[in-house]
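1. Provide a 3D model corresponding to the input given below.
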Amino acid sequence: MKASDLLVACLEREGVDHVFGLPGEEMEDLLFSLRDSDVTFVPVRHEQGAAFMADVHGRLTGQAGVCLATLGPGATNLLTGVADAHLDKSPLVAITAQGGLERLHKESHQALDIVDMFEPITKWNAQLNDPDIIHESVRKAFKLAEYEKPGATHLELPEDVADAETTVEPLPVRKRVRFVSPDQASFDRLTDDLADATRPVVITGNGAVRTHAAEYLRAFVDATNIPVVSTYMGKGAVSDAAAHSLMTLDSGTDGEALDAIRQADLVVSLGFDIAEHDPADWPLGDATVAHVDTEPAEVYEAYNPEIEIVASIGQTLRELTDWCRREGVTFDSGWYEPLRDAIVADVDREPEPDAPFTVRGVLPLLRDAMDDDDVLISDVGSHKMAIAQNFPTYEPNTCLISNGLASMGIAVPGGVAADLAVETNVVAATG
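-> Below you'll find the model as predicted:
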């Protein structure tokens, strides 16, 4: 078969339904192969939009979104959206065209070293310089993009390779590698500190949502009465309607959420990445910090956990819940209830009938109009801060905020991609 047909067959094998992109001459073979496949090509007005759409698709589904661009300026236009996915830990596979191999050793029309350019913003990227490596390269691109912590990968397809013949077939897709249970020594240290604590607090990050740990987190806080504060990207891991929720780290007109951290003697972060929120802003004091994630904590003087559990977040929470129930470990909620009451009063405050239209004022009305599982995608700007701090979120992945790269322009293309990915209503907040 033709190499471009093989690449598309590999996409089909990976379960890809949509490819977002902008056509170009050097990718004609690939576009014709897509036309004759079960994959729907979604054309866009600008390649950055295609990358944002793939970014949001990956974040909502856990399956890598695919974006496509031609060589040169087409590929460079993808960079911002690909970088956004990379820092937000969203699985994405970018495919770019390239001129024929025979002209890449010299200066030529629209020829840039795109592979080198994509290297800092991808987990892995490669040029498909031989049709017989396409099946392995596509499988690797998807495997690495979707493996914890997920991110972006990139494949470059020269136009002469796309037109070449090959006899190889797509590789089968295997089940994802399962993360292990927590190591006993670290787990015992955390349970010892839980037993001694009087005011523990949980901070949930993107990883708690991304790894589908919300079910186990909710069971844990229900069993223990521990309050939960979320990063902007961890919203919805615990419902903001729950008595344990203090919403996000910046919620409360007087910093009530951060005040909970100030009063805490044990802080347990779940799936937290320091790109989401700077721990230098946390008033940790003498509190013990425990880091639970699929990777060790980044080295940072403001975030140097005494305890690190590198394991499945959900499995760790399940074992912690079992231990707390068995040992009868639970905590008094009286110390943080006034903080939550103040946050809820601020969030529920509706504007006066004659008040001017503001982002902050419209949020309670928007929340009332949306179902719990409807999806709100926020663009970046001052309104992002209002949404992060004051928009109650009840289910995981229903309030999407870019806070790694925090790039403007994600909401509208992301909203289109979300509408293709979910059955619920989608709202794009931009301005």
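
2. When you work out contacts or count neighbours from here on, use the C-alpha atoms and nothing else.
-> Noted.

3. Tell me where the model's unsure across this protein.
-> Along the chain, segments meeting pLDDT under 70 span 100-104, 106, 108-110.

4. how is it carved up into domains?
-> 3-162, 184-338, 348-429 (automatic domain parsing).

5. what about residue 116, neighbour count?
-> 10 (other Cα atoms under 10 Å).

6. With respect to burial, which of the domains of the chain scores highest?
-> domain 3-162 (a mean of 22; mean count of other Cα atoms under 10 Å).

7. would you put the C-alpha positions of stretch 128-141 in CSV?
-> Coordinates of each C-alpha in stretch 128-141 appear next as CSV, following Å, rounded to 0.1, in the frame of the first residue of the first chain:
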residue,chain,number,x,y,z
LEU,A,128,9.2,9.5,8.9
ASN,A,129,12.1,9.2,6.5
ASP,A,130,11.3,5.6,5.5
PRO,A,131,7.8,4.2,4.7
ASP,A,132,8.6,1.0,6.6
ILE,A,133,8.9,2.7,9.9
ILE,A,134,5.5,4.4,9.9
HIS,A,135,3.6,1.6,11.7
GLU,A,136,6.1,1.6,14.6
SER,A,137,6.4,5.4,14.7
VAL,A,138,2.6,6.0,14.8
ARG,A,139,2.2,3.4,17.6
LYS,A,140,5.0,5.0,19.6
ALA,A,141,3.6,8.5,19.1
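
8. How far away from the center of its chain is that stretch?
-> Taking Cα atoms, centre = their mean, to the nearest Å, one finds the center of stretch 128-141 at 26 Å from the center of the full chain.

9. next one: stretch 378-398
-> On Cα atoms, centre = their mean, the centre of stretch 378-398 falls 14 Å from the chain's centre.

10. and that stretch, how far apart are its ends?
-> Distance between the two ends of stretch 378-398: 11 Å, counting by Cα to Cα, to the nearest Å.

11. coming back round to it: in TSV, list the domains of the chain along with distance to residue 171.
-> Shown next, in TSV, are the domains of the chain (distance: least, Cα to Cα, whole Å):
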stretch	distance to residue 171
domain 3-162	6
domain 184-338	25
domain 348-429	25
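
12. Looking at these, which is nearest to residue 172?
-> Residue 172 lies closest, by Cα to Cα, to one member of those: domain 3-162, at 7.1 Å.

13. Which one of the domains of the chain lies nearest to residue 174?
-> Within the domains of the chain, the stretch nearest residue 174 is domain 3-162; the backing value is 9.2 Å (Cα to Cα).

14. list the contacts for residue 402?
-> Shown in contact with residue 402 (Cα atoms under 8 Å, 6 or more residues apart in numbering): 84, 88, 233, 378, 379, 380, 410.

15. Please repeat the previous calculation with a cut-off of 7 Å.
-> Each residue near residue 402 by Cα atoms under 7 Å, 6 or more residues apart in numbering is listed here: residue 88.

16. Now the element after whatever helix or strand residue 260 lives in, going C-ward?
-> Secondary structure from DSSP states H and E places residue 260 in helix 256-263. Next helix or strand after helix 256-263 toward the C-terminus (DSSP H and E): strand 266-270.
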